[in-house]
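J.: Only the shape, not the letters, is given here:
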Ligand SMILES: [Zn+2]
(Lines give C-alpha, C1' and ligand atoms only; values in the text may rest on other atoms or scores of the structure.)
Protein backbone atom coordinates (compact mmCIF):
# COMPACT_ATOMS: atom_id res chain seq x y z
CA UNK A 1 0.00 0.00 0.00
CA UNK A 2 2.69 2.46 1.03
CA UNK A 3 4.56 1.60 -2.21
CA UNK A 4 1.58 2.59 -4.31
CA UNK A 5 1.20 5.90 -2.49
CA UNK A 6 4.78 6.84 -3.35
CA UNK A 7 4.00 6.69 -7.05
CA UNK A 8 3.85 10.27 -8.34
CA UNK A 9 0.62 11.24 -10.09
CA UNK A 10 0.45 11.60 -13.83
CA UNK A 11 -0.18 15.34 -13.36
CA UNK A 12 2.98 15.59 -11.31
CA UNK A 13 4.96 13.89 -14.10
CA UNK A 14 3.52 16.30 -16.69
CA UNK A 15 4.66 19.16 -14.47
CA UNK A 16 8.18 17.74 -14.30
CA UNK A 17 8.28 17.28 -18.05
CA UNK A 18 7.13 20.86 -18.50
CA UNK A 19 10.41 21.85 -16.82
CA UNK A 20 12.56 19.97 -19.37
CA UNK A 21 13.74 22.46 -22.02
CA UNK A 22 13.77 21.73 -25.73
CA UNK A 23 17.49 21.21 -26.50
CA UNK A 24 17.47 23.53 -29.52
CA UNK A 25 15.06 26.22 -28.31
CA UNK A 26 15.62 26.12 -24.54
CA UNK A 27 13.02 28.82 -23.74
CA UNK A 28 10.20 26.36 -24.40
CA UNK A 29 9.64 23.00 -22.72
CA UNK A 30 9.08 19.60 -24.28
CA UNK A 31 5.45 19.92 -23.19
CA UNK A 32 5.18 23.34 -24.89
CA UNK A 33 6.55 21.78 -28.07
CA UNK A 34 3.66 19.29 -28.00
CA UNK A 35 5.81 16.21 -28.46
CA UNK A 36 4.79 14.55 -25.18
CA UNK A 37 1.59 12.77 -26.21
CA UNK A 38 0.84 10.62 -23.18
CA UNK A 39 1.99 9.82 -19.66
CA UNK A 40 0.61 6.64 -18.09
CA UNK A 41 1.33 4.17 -15.35
CA UNK A 42 1.04 0.41 -15.93
CA UNK A 43 1.70 -1.20 -12.56
CA UNK A 44 5.13 0.09 -11.54
CA UNK A 45 6.19 1.16 -15.06
CA UNK A 46 5.75 4.70 -16.27
CA UNK A 47 5.31 5.03 -20.04
CA UNK A 48 5.95 8.38 -21.71
CA UNK A 49 4.82 8.57 -25.33
CA UNK A 50 6.82 10.92 -27.53
CA UNK A 51 6.09 12.01 -31.10
CA UNK A 52 9.21 13.24 -32.94
CA UNK A 53 9.11 16.58 -34.77
CA UNK A 54 11.08 16.18 -38.03
CA UNK A 55 12.30 12.76 -39.21
CA UNK A 56 15.90 13.88 -39.33
CA UNK A 57 15.86 16.15 -36.29
CA UNK A 58 19.20 15.57 -34.55
CA UNK A 59 17.64 16.62 -31.23
CA UNK A 60 15.44 13.52 -31.05
CA UNK A 61 17.95 11.31 -29.24
CA UNK A 62 18.98 14.18 -26.93
CA UNK A 63 15.31 14.69 -26.04
CA UNK A 64 14.93 11.02 -25.06
CA UNK A 65 18.02 11.29 -22.87
CA UNK A 66 16.79 14.50 -21.23
CA UNK A 67 13.43 12.92 -20.38
CA UNK A 68 15.14 9.90 -18.83
CA UNK A 69 17.54 12.05 -16.83
CA UNK A 70 14.83 14.38 -15.53
CA UNK A 71 12.47 11.59 -14.44
CA UNK A 72 15.28 9.53 -12.90
CA UNK A 73 16.23 12.60 -10.87
CA UNK A 74 12.66 12.67 -9.55
CA UNK A 75 13.02 9.06 -8.44
CA UNK A 76 11.32 7.26 -11.29
CA UNK A 77 13.27 4.09 -11.96
CA UNK A 78 11.03 2.02 -14.16
CA UNK A 79 10.57 4.19 -17.23
CA UNK A 80 9.58 3.29 -20.76
CA UNK A 81 9.82 5.74 -23.66
CA UNK A 82 7.47 5.00 -26.51
CA UNK A 83 7.89 6.62 -29.92
CA UNK A 84 4.67 7.24 -31.77
CA UNK A 85 4.79 8.66 -35.30
CA UNK A 86 1.06 8.69 -36.06
CA UNK A 87 -0.74 11.04 -35.76
CA UNK A 88 2.22 13.02 -37.09
CA UNK A 89 3.49 15.94 -35.04
CA UNK A 90 2.04 19.28 -36.05
CA UNK A 91 2.83 22.85 -35.01
CA UNK A 92 -0.85 23.05 -33.96
CA UNK A 93 0.29 21.19 -30.85
CA UNK A 94 2.53 24.04 -29.65
CA UNK A 95 1.10 25.44 -26.42
CA UNK A 96 -0.11 29.06 -26.13
CA UNK A 97 2.52 29.58 -23.44
CA UNK A 98 5.14 28.15 -25.81
CA UNK A 99 4.07 30.46 -28.64
CA UNK A 100 4.41 33.54 -26.43
CA UNK A 101 7.84 32.42 -25.22
CA UNK A 102 9.01 31.83 -28.79
CA UNK A 103 8.07 35.36 -29.76
CA UNK A 104 9.79 36.85 -26.69
CA UNK A 105 12.89 34.87 -27.65
CA UNK A 106 12.87 36.36 -31.17
CA UNK A 107 11.36 33.43 -33.08
CA UNK A 108 8.06 34.20 -34.81
CA UNK A 109 5.53 31.49 -33.88
CA UNK A 110 3.78 29.49 -36.64
CA UNK A 111 0.64 31.01 -38.21
CA UNK A 112 -2.07 29.34 -40.27
CA UNK A 113 -1.32 31.81 -43.08
CA UNK A 114 2.08 30.16 -43.51
CA UNK A 115 4.21 33.17 -42.61
CA UNK A 116 4.95 35.27 -39.52
CA UNK A 117 2.29 37.67 -38.26
CA UNK A 118 4.92 40.33 -37.63
CA UNK A 119 8.59 40.91 -36.78
CA UNK A 120 9.19 39.46 -33.29
CA UNK A 121 11.32 42.49 -32.40
CA UNK A 122 9.62 45.66 -33.67
CA UNK A 123 6.22 44.06 -34.53
CA UNK A 124 6.27 45.50 -38.05
CA UNK A 125 4.16 43.55 -40.53
CA UNK A 126 6.54 44.52 -43.33
CA UNK A 127 8.44 41.23 -43.44
CA UNK A 128 9.89 39.14 -46.25
CA UNK A 129 10.99 35.53 -46.62
CA UNK A 130 14.69 34.89 -47.21
CA UNK A 131 14.53 31.09 -47.30
CA UNK A 132 12.00 28.39 -46.52
CA UNK A 133 14.81 26.56 -44.70
CA UNK A 134 16.46 28.08 -41.63
CA UNK A 135 18.94 27.24 -38.91
CA UNK A 136 17.09 24.03 -37.96
CA UNK A 137 14.59 21.86 -39.89
CA UNK A 138 11.65 23.43 -38.06
CA UNK A 139 12.46 27.03 -38.94
CA UNK A 140 12.38 29.29 -41.98
CA UNK A 141 14.55 32.38 -42.42
CA UNK A 142 12.79 35.77 -42.64
CA UNK A 143 13.78 39.44 -42.51
CA UNK A 144 12.08 42.57 -41.23
CA UNK A 145 11.97 45.38 -43.81
CA UNK A 146 11.62 48.07 -41.13
CA UNK A 147 14.15 47.25 -38.41
CA UNK A 148 16.16 45.28 -41.02
CA UNK A 149 16.85 42.45 -38.58
CA UNK A 150 16.78 38.84 -39.79
CA UNK A 151 14.72 36.43 -37.70
CA UNK A 152 13.62 32.80 -37.51
CA UNK A 153 10.04 31.79 -38.21
CA UNK A 154 8.82 28.50 -36.74
CA UNK A 155 7.19 27.07 -39.83
CA UNK A 156 3.89 25.22 -39.95
CA UNK A 157 3.96 21.52 -40.48
CA UNK B 1 0.91 -17.14 -51.21
CA UNK B 2 3.04 -18.17 -48.24
CA UNK B 3 3.90 -15.77 -45.45
CA UNK B 4 7.59 -16.04 -46.35
CA UNK B 5 6.97 -14.90 -49.93
CA UNK B 6 4.84 -11.96 -48.79
CA UNK B 7 7.45 -10.78 -46.36
CA UNK B 8 10.05 -11.01 -49.08
CA UNK B 9 8.06 -8.78 -51.43
CA UNK B 10 7.16 -6.38 -48.61
CA UNK B 11 10.83 -6.14 -47.59
CA UNK B 12 11.81 -5.38 -51.19
CA UNK B 13 9.20 -2.64 -51.38
CA UNK B 14 10.47 -1.06 -48.14
CA UNK B 15 14.08 -1.25 -49.35
CA UNK B 16 13.04 0.59 -52.50
CA UNK B 17 11.51 3.39 -50.43
CA UNK B 18 14.40 3.56 -47.96
CA UNK B 19 17.19 3.26 -50.52
CA UNK B 20 15.74 6.16 -52.51
CA UNK B 21 15.81 8.46 -49.49
CA UNK B 22 19.18 7.15 -48.31
CA UNK B 23 21.04 7.56 -51.58
CA UNK B 24 19.47 10.90 -52.43
CA UNK B 25 20.05 12.08 -48.85
CA UNK B 26 23.73 11.19 -49.15
CA UNK B 27 24.05 12.84 -52.56
CA UNK B 28 22.46 16.06 -51.29
CA UNK B 29 24.69 16.03 -48.20
CA UNK B 30 27.72 16.15 -50.52
CA UNK B 31 26.83 19.83 -51.04
CA UNK B 32 27.34 20.67 -47.37
CA UNK B 33 29.77 23.59 -47.28
CA UNK B 34 29.93 23.94 -51.08
CA UNK B 35 26.68 25.66 -52.07
CA UNK B 36 26.59 28.93 -54.01
CA UNK B 37 25.14 30.86 -51.05
CA UNK B 38 24.66 30.18 -47.34
CA UNK B 39 20.84 29.94 -47.51
CA UNK B 40 21.07 27.25 -50.20
CA UNK B 41 23.69 25.36 -48.22
CA UNK B 42 21.37 25.29 -45.22
CA UNK B 43 18.36 24.30 -47.32
CA UNK B 44 20.27 21.41 -48.92
CA UNK B 45 21.61 20.23 -45.56
CA UNK B 46 18.11 20.32 -44.06
CA UNK B 47 16.70 18.39 -47.02
CA UNK B 48 19.45 15.77 -46.67
CA UNK B 49 18.73 15.51 -42.95
CA UNK B 50 15.01 14.93 -43.56
CA UNK B 51 15.78 12.24 -46.13
CA UNK B 52 18.23 10.42 -43.87
CA UNK B 53 15.70 10.56 -41.03
CA UNK B 54 13.03 9.12 -43.31
CA UNK B 55 15.48 6.37 -44.30
CA UNK B 56 15.71 5.32 -40.69
CA UNK B 57 11.98 4.62 -40.65
CA UNK B 58 11.79 2.80 -43.99
CA UNK B 59 14.91 0.68 -43.50
CA UNK B 60 14.04 0.10 -39.85
CA UNK B 61 10.70 -1.38 -40.92
CA UNK B 62 12.39 -3.32 -43.75
CA UNK B 63 14.70 -5.00 -41.21
CA UNK B 64 11.74 -5.75 -38.96
CA UNK B 65 9.67 -7.33 -41.74
CA UNK B 66 12.62 -9.28 -43.12
CA UNK B 67 13.03 -10.76 -39.64
CA UNK B 68 16.76 -11.46 -39.79
CA UNK B 69 17.74 -8.99 -37.11
CA UNK B 70 19.02 -6.32 -39.51
CA UNK B 71 18.97 -2.74 -38.25
CA UNK B 72 18.53 0.34 -40.44
CA UNK B 73 22.26 1.04 -39.93
CA UNK B 74 23.30 -2.45 -41.05
CA UNK B 75 21.16 -2.18 -44.14
CA UNK B 76 22.54 1.26 -44.98
CA UNK B 77 26.20 0.62 -44.33
CA UNK B 78 26.88 -3.07 -44.86
CA UNK B 79 25.12 -3.93 -48.11
CA UNK B 80 26.93 -3.80 -51.42
CA UNK B 81 25.85 -2.23 -54.72
CA UNK B 82 23.82 -5.19 -56.00
CA UNK B 83 21.59 -5.18 -52.90
CA UNK B 84 20.48 -1.57 -53.32
CA UNK B 85 16.98 -0.94 -54.68
CA UNK B 86 16.96 2.80 -55.33
CA UNK B 87 15.92 4.46 -58.58
CA UNK B 88 18.90 5.19 -60.84
CA UNK B 89 17.87 8.87 -60.83
CA UNK B 90 18.89 9.41 -57.19
CA UNK B 91 22.39 7.96 -57.60
CA UNK B 92 23.24 10.28 -60.49
CA UNK B 93 26.06 12.70 -59.66
CA UNK B 94 25.23 16.19 -58.39
CA UNK B 95 26.68 18.00 -61.40
CA UNK B 96 26.18 21.73 -60.99
CA UNK B 97 23.67 23.30 -58.60
CA UNK B 98 21.02 23.34 -61.33
CA UNK B 99 21.41 19.64 -62.06
CA UNK B 100 21.13 18.85 -58.35
CA UNK B 101 17.90 20.83 -58.05
CA UNK B 102 16.48 19.36 -61.26
CA UNK B 103 17.15 15.85 -59.93
CA UNK B 104 15.54 16.87 -56.63
CA UNK B 105 12.46 18.25 -58.37
CA UNK B 106 11.98 15.18 -60.58
CA UNK B 107 12.23 13.00 -57.48
CA UNK B 108 10.20 15.23 -55.11
CA UNK B 109 7.28 15.29 -57.56
CA UNK B 110 7.16 11.48 -57.62
CA UNK B 111 7.87 11.19 -53.89
CA UNK B 112 5.03 13.52 -52.88
CA UNK B 113 2.49 11.68 -55.07
CA UNK B 114 3.70 8.26 -53.88
CA UNK B 115 3.51 9.27 -50.19
CA UNK B 116 0.05 10.72 -50.72
CA UNK B 117 -1.10 7.31 -51.96
CA UNK B 118 0.76 5.42 -49.23
CA UNK B 119 -1.13 7.36 -46.57
CA UNK B 120 -4.06 5.05 -47.28
CA UNK B 121 -1.92 1.88 -47.27
CA UNK B 122 -3.52 -1.22 -45.76
CA UNK B 123 -0.41 -1.53 -43.56
CA UNK B 124 -0.74 1.01 -40.77
CA UNK B 125 3.04 1.28 -40.26
CA UNK B 126 3.50 2.27 -43.91
CA UNK B 127 0.59 4.71 -43.65
CA UNK B 128 2.10 6.28 -40.52
CA UNK B 129 5.54 6.79 -42.13
CA UNK B 130 3.85 8.26 -45.22
CA UNK B 131 1.74 10.62 -43.11
CA UNK B 132 4.81 11.86 -41.26
CA UNK B 133 7.20 12.17 -44.20
CA UNK B 134 4.75 13.69 -46.66
CA UNK B 135 4.67 16.87 -44.57
CA UNK B 136 8.43 17.26 -44.97
CA UNK B 137 8.38 16.34 -48.64
CA UNK B 138 5.78 19.06 -49.30
CA UNK B 139 8.46 21.60 -48.31
CA UNK B 140 11.09 19.84 -50.44
CA UNK B 141 8.84 19.98 -53.48
CA UNK B 142 7.89 23.61 -52.94
CA UNK B 143 11.54 24.60 -52.84
CA UNK B 144 12.82 22.45 -55.71
CA UNK B 145 9.93 23.51 -57.96
CA UNK B 146 10.52 27.21 -57.12
CA UNK B 147 14.23 26.86 -57.86
CA UNK B 148 13.64 25.03 -61.14
CA UNK B 149 11.31 27.86 -62.21
CA UNK B 150 13.72 30.55 -60.98
CA UNK B 151 16.71 29.12 -62.83
CA UNK B 152 14.84 27.83 -65.88
CA UNK B 153 13.13 31.15 -66.44
CA UNK B 154 16.25 33.04 -65.39
CA UNK B 155 19.28 34.18 -67.35
CA UNK B 156 20.37 32.72 -70.67
CA UNK B 157 23.13 30.84 -68.84
CA UNK B 158 20.91 29.42 -66.09
CA UNK B 159 18.21 28.46 -68.60
CA UNK B 160 20.74 26.58 -70.76
CA UNK B 161 22.12 24.72 -67.76
CA UNK B 162 18.64 23.72 -66.57
CA UNK B 163 17.71 22.48 -70.03
CA UNK B 164 20.95 20.43 -70.14
CA UNK B 165 20.12 18.99 -66.71
CA UNK B 166 16.61 18.06 -67.83
CA UNK B 167 17.89 16.46 -71.03
CA UNK B 168 20.43 14.44 -69.03
CA UNK B 169 18.05 13.33 -66.26
CA UNK B 170 14.77 12.81 -68.10
CA UNK B 171 15.69 9.27 -69.33
CA UNK B 172 15.83 8.24 -65.66
CA UNK B 173 12.23 9.29 -64.94
CA UNK B 174 10.51 6.34 -66.63
CA UNK B 175 11.87 3.85 -64.09
CA UNK B 176 9.59 5.35 -61.40
CA UNK B 177 6.53 3.96 -63.17
CA UNK B 178 7.69 0.45 -64.04
CA UNK B 179 6.37 -2.50 -62.13
CA UNK B 180 7.25 -6.12 -61.43
CA UNK B 181 6.07 -9.03 -59.27
CA UNK B 182 6.91 -7.14 -56.08
CA UNK B 183 4.62 -4.28 -57.08
CA UNK B 184 1.88 -6.68 -58.14
CA UNK B 185 1.92 -8.22 -54.69
CA UNK B 186 1.91 -4.82 -52.97
CA UNK B 187 -1.09 -3.79 -55.07
CA UNK B 188 -2.92 -7.06 -54.35
CA UNK B 189 -2.44 -6.57 -50.61
CA UNK B 190 -3.37 -2.89 -50.72
CA UNK B 191 0.02 -1.90 -49.31
CA UNK B 192 1.15 0.31 -52.19
CA UNK B 193 -0.23 1.65 -55.48
CA UNK B 194 0.64 0.37 -58.93
CA UNK B 195 3.61 2.57 -59.95
CA UNK B 196 2.09 3.14 -63.40
CA UNK B 197 -1.00 4.70 -61.79
CA UNK B 198 1.10 7.67 -60.62
CA UNK B 199 2.17 8.68 -64.12
CA UNK B 200 -0.77 10.86 -65.07
CA UNK B 201 -0.58 12.98 -61.94
CA UNK B 202 3.21 13.18 -62.27
CA UNK B 203 3.11 14.31 -65.88
CA UNK B 204 0.55 16.98 -65.05
CA UNK B 205 2.57 18.35 -62.13
CA UNK B 206 5.98 18.18 -63.79
CA UNK B 207 4.59 19.45 -67.09
CA UNK B 208 3.09 22.51 -65.41
CA UNK B 209 6.27 23.43 -63.50
CA UNK B 210 8.62 22.83 -66.43
CA UNK B 211 6.39 24.91 -68.72
CA UNK B 212 6.50 27.77 -66.20
CA UNK B 213 10.27 27.30 -66.12
CA UNK B 214 10.28 27.68 -69.96
CA UNK B 215 11.97 24.27 -70.25
CA UNK B 216 11.22 21.61 -72.84
CA UNK B 217 10.72 17.97 -71.92
CA UNK B 218 12.91 15.89 -74.27
CA UNK B 219 10.98 14.04 -76.94
CA UNK B 220 12.34 10.59 -76.22
CA UNK B 221 10.83 7.33 -75.08
CA UNK B 222 14.21 5.92 -74.09
CA UNK B 223 14.56 5.08 -70.42
CA UNK B 224 17.31 3.68 -68.21
CA UNK B 225 16.23 1.08 -65.69
CA UNK B 226 17.53 -1.55 -63.30
CA UNK B 227 17.94 0.40 -60.05
CA UNK B 228 14.70 -0.45 -58.24
CA UNK B 229 14.99 -4.14 -59.19
CA UNK B 230 18.73 -4.22 -58.47
CA UNK B 231 19.40 -5.69 -61.93
CA UNK B 232 21.93 -3.02 -62.85
CA UNK B 233 23.04 0.17 -61.15
CA UNK B 234 25.15 2.86 -62.76
CA UNK B 235 28.88 3.05 -62.07
CA UNK B 236 28.15 6.04 -59.83
CA UNK B 237 26.56 4.09 -56.98
CA UNK B 238 29.72 2.12 -56.16
CA UNK B 239 31.72 5.33 -55.84
CA UNK B 240 29.06 6.82 -53.59
CA UNK B 241 29.06 3.75 -51.34
CA UNK B 242 32.84 3.74 -50.89
CA UNK B 243 32.51 7.19 -49.37
CA UNK B 244 29.27 6.61 -47.44
CA UNK B 245 30.23 3.22 -46.00
CA UNK B 246 33.96 3.47 -45.40
CA UNK B 247 33.76 4.09 -41.67
CA UNK B 248 31.53 1.09 -40.93
CA UNK B 249 33.66 -1.03 -43.27
CA UNK B 250 36.91 0.04 -41.64
CA UNK B 251 35.60 -0.05 -38.05
CA UNK B 252 32.60 -2.44 -38.04
CA UNK B 253 30.04 -1.81 -35.33
CA UNK B 254 31.43 1.55 -34.27
CA UNK B 255 28.92 3.94 -32.69
CA UNK B 256 28.87 7.47 -31.36
ZN1 LIG C 1 11.46 44.46 -37.16
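T.: Thanks, I have the structure now. If you're wondering where the values come from, they're calculated on a predicted model, not measured in any experiment.
J.: so residue B:115 is in which element?
T.: helix B:97-118 (DSSP states H and E).
J.: Give me the next element, helix or strand, following that helix.
T.: The helix or strand immediately downstream of helix B:97-118 is helix B:124-152, counting by DSSP H and E.
J.: Buried ones in that following helix, by neighbour count?
T.: Neighbour counts over helix B:124-152 (16 or more other C-beta atoms under 10 Å in any protein chain shown) mark B:125-137, B:139-141, B:143-145, B:147-149, B:151-152 as buried. For every residue, glycine as well, the C-beta is placed using N, CA and C.
J.: Tell me, how many residues neighbour the nearest residue to residue B:189 once chain neighbours are set aside?
T.: In space, and not counting its chain neighbours, residue B:189 is closest to residue B:122: 6.2 Å by C-beta to C-beta, 6 or more residues apart in numbering or on different chains. By the criterion of other C-beta atoms under 10 Å in any protein chain shown, residue B:122 has 11 neighbours.
J.: isn't residue B:122 right next to residue B:190, touching?
T.: Yes: assessed by C-beta atoms under 8 Å, residue B:122 is found in contact with residue B:190 at 3.5 Å.
J.: Quick one: name the residues of chain A near chain B.
T.: Residues of chain A that fall close to chain B, judged by C-beta under 8 Å from any C-beta of the partner chain: A:54-58, A:85-90, A:130-137, A:141, A:155, A:157.
J.: Let me know the pLDDT of the most centrally placed residue in chain A.
T.: The centroid of chain A falls nearest to residue A:33 when counting by C-alpha atoms, centre = their mean (2.0 Å). Residue A:33 is assigned 95 on the pLDDT scale.
J.: ok, it touching residue A:53?
T.: Yes: with contact defined as C-beta under 8 Å, residue A:33 reaches residue A:53; the gap is 7.2 Å.
J.: which ones are touching the residue nearest to the centre of chain A?
T.: Residues near residue A:33 by C-beta atoms under 8 Å, 6 or more residues apart in numbering or on different chains: A:22, A:25, A:53, A:93, A:94, A:98.
J.: Farthest pair within these?
T.: Comparing all pairs in the contacts of residue A:33 by C-beta to C-beta, the longest separation belongs to A:25 and A:93, at 14.6 Å.
J.: For those two, work out which one has more neighbours and name it.
T.: residue A:25 (21 against 16).
J.: Just say helix, strand or coil for the more buried one.
T.: For residue A:25, the assignment made with DSSP: H, G, I helix; E, B strand; the rest coil gives coil.
J.: So what does it look like in phi/psi?
T.: phi -130, psi 80 (degrees, to the nearest 10).
J.: re earlier: so who does the residue nearest to residue B:189 touch?
T.: Here residue B:122 is in contact with B:189, B:190, B:191 (C-beta under 8 Å, 6+ apart).
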